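Undergrad: this one's structure only:
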Ligand SMILES: *Cc1c(COP(=O)(O)O)cnc(C)c1O
C-alpha cells in the first residue's frame, strides 16, 4: 500500500520530487563537480528561488549547510561574542540555547511550560544579549508565535541581532523577514525533501558581526564561517563538496512552489489548518494541547490523544502515517503536519478517517 506521511519531518515528499529525481539522474547531478558551471547554475537558481519564495528584502544572503542544527552552532560561533537570549517554548528552542552554552558562551533565556508561549510583553531581555533567538514554530509542542511578537521585539531591540527559526513553518505562512537579521530552515519539513540540507539566511549586519569577532581573535569556526560562506557564494559555490543532489531538488521544488504562488500556499495552509482544528473539535479521543487558539501552529498540530498507539496504528493500517508526541509526550499526544505538499483532499481524507475511528 502507498503510504501518506503526515509526520512533522521528515514528511511526505513534495509531490513533484519523484519526477525531479528522475531528471537529476538523467542529468548526472550526482556526478557533476561542485566547481562546475552546471553546479553554479543550480546554486544560483536555488538562491534566487528562495529569495522570491520567502520575499526576502534586499541585502540578505543565502547559504547552505548540512542541517538546521548545524546552523544553531554556526550562529553561536559567528554571531555571539558573549551572550544570547532565547525564547524557549519547547525542545527545539531549548537545543539552540544548549548549543550556545556548549560553545562556552552564555545562552540566557525565558523558558515556559510546554504548550505555552513566551509572552513578549512580559519577557525581560538584558541589553547585554547580542542576539535574540525566536523559534517561530516550535515543532515539539505545536506553539507558533505571531508576526506581531517579532515586530515588538524588533522595535524594542533595534541594535541586537534577531535570529528566527522557521524550520517547520516556511514557506507555509507569510513571514516578514525584514524584521530579523538571520533565519534558517532545513528541507525535510515544509519543503518536502529528503533530509540533509540546511539553508541559512543572513543580512549584512551578521556578516559584519562575524568579521568583528574574527578581528578580535575569536574562533568563528572554519569552512562554514560566514566570511568563508560569503566568499564562495560570490561565485555561486560552497566551501565544501555540498549536498548537490538535494540542492538540485530544492531548486526544482521551489520553482514548483513559485509557480503555484506563495499566496495560494498560504491560503491552502489556512484552509487545511481549519480542517485539522475541526477534526480535533469533533473527535471524542482528541483535544487541543495548545489552549490559545492564536498560538496553535498552522503547520504542525500537536494534539492530546487518549490512546496514541491505537490511533496511530488504526491510521497506519489505512496507509496514513501521523507523528507521535515529542519526547515525554509520546504516550499522550499525536502530531499532524500540514505542509505545502499535503493537499486539501489528503487532509480531508485524514480527517474523515480519524472521525470514523472507533477508539
Ligand atoms: C527539525 C527542527 C530543527 C532541526 O532540524 P535538523 O534538520 O534536524 O537539524 C530545528 N528547529 C525546528 C523548529 C525544527 O522543527
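TA: Yep, it's here. Treat the numbers as computed from the prediction; the structure is a model and nothing was measured.
Undergrad: Average pLDDT for the longest helix seen in the chain, rounded please.
TA: Within the chain, and with DSSP state H defining each element, the longest helix by residue count is helix 262-282. In this model, helix 262-282 carries a mean pLDDT of 98.
Undergrad: How about whichever helix or strand comes after that helix, which residues are buried there?
TA: Toward the C-terminal end, the helix or strand that comes next after helix 262-282 (DSSP states H and E) is strand 286-288. Buried residues in strand 286-288, counted by 16 or more other Cβ atoms under 10 Å: 286, 288. Any C-beta I mention is one placed from the backbone N, CA and C, and that applies to glycine too.
Undergrad: Tell me the residues of the stretch 51-200 of the chain that contact the ligand?
TA: Residues of the stretch 51-200 of the chain found near the ligand (Cβ under 6 Å from any ligand atom) are 67-69, 92, 135, 139, 165, 167-168, 186, 189, 195.
Undergrad: of all those residues, which two lie farthest apart?
TA: Checked with Cβ to Cβ, those reach their widest spread between 135 and 195, with 18.6 Å between them.
Undergrad: ok, those two, which is more surrounded?
TA: Applying other Cβ atoms under 10 Å to residue 135 and residue 195 shows that residue 135 carries more neighbours, namely 31 against 15.
Undergrad: measure the more buried one to residue 121 for me?
TA: With distances defined as Cβ to Cβ, to the nearest Å, the gap from residue 135 to residue 121 amounts to 18 Å.
Undergrad: Residue 143 now?
TA: Using Cβ to Cβ, one obtains 16 Å as the distance from residue 143 to residue 121.
Undergrad: Tell me which of the two has more neighbours.
TA: The residue with more neighbours, out of residue 143 and residue 121 and counting by other Cβ under 10 Å, is residue 143; that gives 28 against 6.
Undergrad: In terms of secondary structure, what does the longest helix of the chain contact?
TA: For helix 262-282, the contact count by 3 or more Cβ pairs under 8 Å, 6 or more residues apart in numbering; DSSP states H and E identifies strand 286-288, strand 300-305, helix 344-356 as packing neighbours.
Undergrad: could you check the angle strand 300-305 makes with it?
TA: With axes from the mean of the first three to the mean of the last three Cα atoms, to 10 degrees defining the directions, helix 262-282 sits at 0 degrees from strand 300-305.
Undergrad: List the buried residues for helix 262-282?
TA: Buried residues in helix 262-282, defined by neighbour count with 16+ other Cβ under 10 Å: 262, 265-266, 268-269, 272-273, 275-277, 279-280.
Undergrad: Now do it: distance to the chain's middle.
TA: 18 Å (Cα atoms, centre = their mean, to the nearest Å).
Undergrad: Touching it from outside, list them.
TA: Contacts of helix 262-282 from elsewhere in the structure, counted by Cβ atoms under 8 Å, 6 or more residues apart in numbering, are 53, 55, 171-174, 257, 286-288, 296, 298-299, 301, 303, 336, 338, 340, 342-344, 347-348, 350-351, 354-355.
Undergrad: Tell me the backbone dihedrals of residue 185, please.
TA: Main-chain torsions, residue 185, degrees, to the nearest 10: phi -150, psi 160.
Undergrad: all helices of the stretch 151-300 of the chain, in order?
TA: Listed in chain order, the helices of the stretch 151-300 of the chain (DSSP state H, counting those that start in this stretch) span residues 204-215, 226-233, 244-260, 262-282.
Undergrad: Assumed residue 25 was part of a helix.
TA: Yes. Under the criterion used here (DSSP: H, G, I helix; E, B strand; the rest coil), residue 25 sits inside a helix.
Undergrad: What about it, how many residues nearby?
TA: Should you count by other Cβ under 10 Å, residue 25 turns out to have 12 residues around it.
Undergrad: That one and the ligand: what is the separation?
TA: Here the criterion is Cβ to the nearest ligand atom, to the nearest Å. By it, residue 25 lies 25 Å from the ligand.
Undergrad: got a pLDDT number for that residue?
TA: With respect to pLDDT, residue 25 has a value of 98.
Undergrad: likewise residue 250?
TA: At residue 250, the pLDDT value in this model is 98.
Undergrad: Test my guess that it contacts residue 194.
TA: No. Counting by Cβ atoms under 8 Å, residue 250 stays clear of residue 194, with 10.3 Å between them.
Undergrad: which residues do the two both contact?
TA: In terms of Cβ under 8 Å, 6+ apart, residue 250 and residue 194 are both contacted by the residues residue 187.
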